[in-house]
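# Next comes the sequence, and after it the predicted model I'd like to discuss.
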Amino acid sequence: MTTEHRAGGPPVLTPINRSASTLATEVYETLLSALMEGRIQPGDRLVMDRLAEDLDVSRTPIRDALQRLHRDGVVEPAGRKGYLVREPSARDTHDFYVARMAVEGFAASQLVQHEPPPLDTLRALLTQLAERPQSSTWESFDANRLFHRGVVVATGNSYLVDMYDTIWNRSQTALTYSQFSAASSYRDFVHDHEMLIQAMDGADPDSARLSMVEHIQSGLDRSCLGT
């Protein structure tokens with residue numbers, strides 16, 4: 001976006017070119033999906049020119065996607081025009097789940113103070129997500145992300161939603177989830193979240209927070225089994 005100024009008036013804004021940004025996001029999600037599915041492994045070298053050729057796009061969206069993965073700590077520079085895929089650390093996994101406990105646990109305590117608590121909305125969301133195809137780790141990750149985001153959105157607190165998105169919209173988060181997925185069948189998705197809703201139904205704020213923390217802790221425990 002560029003700006004120009006009219007004499008005596010506000011700046012004139014030119015339209016944003018969304019095409020490059022959208023393409024970079026598509027490349028990012030393609031690479032992240034390949035990482036989650038194991039088609040790209042830790043230690044692999046990602047070269048911009050080769051990726052541009054494989055994905056049939058220019059180097060610009062490839063560069064932007066790799067820089068985003070670098071900011072998230074998934075890859076690191078490795079020579080000219082290349083990046084090396086990092087091995088996720090136990091600290092990465094631990095910190096992700098602890099951050100979730102803080103934000104989502106508090107969200108659960110706030111949600112049950114509504115009159116009435118919007119648990120039917122969460123039940124409807126869970127039914128909707130259960131009907132979606134789950135043929136890949138990426139799709140399973142997205143369903144889990146959307147359900148837990150629904151809990152936070154139901155609080156009506158936009159700042160909590162922003163914090164939630166900051167935690168979940170990192171590529172390192174998706175790779176951590178792939179560890180959980182390796183140790184836990186998607187068949188558990190509906191049952192585990194039905195039990196979470198049931199635990200929050202009629203609970204006081206402290207009990208609701210504890211139920212959410214225990215739910216997230218079980219994910220951390222299973223992720224450790226998948227490593």
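Structure's in. What do you need?
# Please report the distance of the most centrally placed residue in the chain from residue 116.
By CA atoms, centre = their mean, the mean C-alpha position of the chain lies nearest to residue 168, the distance being 3.3 Å. To residue 116, residue 168 is 27 Å away according to CB to CB, to the nearest Å. In short, each C-beta sits where N, CA and C put it, glycine included.
# Residue 35 now?
42 Å.
# Looking at these two, which one has more neighbours?
More crowded of residue 35 and residue 116, by other CB atoms under 10 Å: residue 35, with 25 against 7.
# Can you name the residues that contact the more buried one?
If you count contacts by CB atoms under 8 Å, 6 or more residues apart in numbering, residue 35 has them with 74, 85, 171, 174-175, 178.
# Okay, and which of these map to strands?
residue 85 (DSSP state E).
# on contacts alone, who are the packing partners of the strand or helix carrying residue 54?
Assigned by DSSP states H and E, residue 54 belongs to helix 48-55. Here helix 48-55 touches helix 18-37, helix 59-71, going by 3 or more CB pairs under 8 Å, 6 or more residues apart in numbering; DSSP states H and E.
# what is the orientation angle of the first one with helix 48-55?
Spelled out, it's helix 18-37. Here the directions of helix 18-37 and helix 48-55 differ by 90 degrees (axes from the mean of the first three to the mean of the last three CA atoms, to 10 degrees).
# For helix 18-37, buried residues please.
By 16 or more other CB atoms under 10 Å, the buried positions in helix 18-37 come out as 23-24, 27-28, 30-33, 35-36.
# And stretch 204-220, by the same measure?
Neighbour counts over stretch 204-220 (16+ other CB under 10 Å) mark 208-213, 215-216, 218-220 as buried.
# Ok, stretch 80-92 next?
81-83, 85-86, 88, 92.
# mind giving me the domain split of this protein?
13-85, 90-225 (automatic domain parsing).
# Give the rounded mean pLDDT of the longest one.
This predicted structure assigns domain 90-225 an average pLDDT of 89.
# And stretch 61-73, by the same measure?
For stretch 61-73, mean pLDDT rounds to 91.
# Residues in contact with that stretch: which ones?
Counting by CB under 8 Å, 6+ apart, 20-21, 23-28, 31-32, 46, 48, 51-52, 55, 75-77, 83, 86, 92, 170-172 sit against stretch 61-73.
# of the buried residues of stretch 80-92, closest to residue 149?
residue 92 (20.8 Å; CB to CB).
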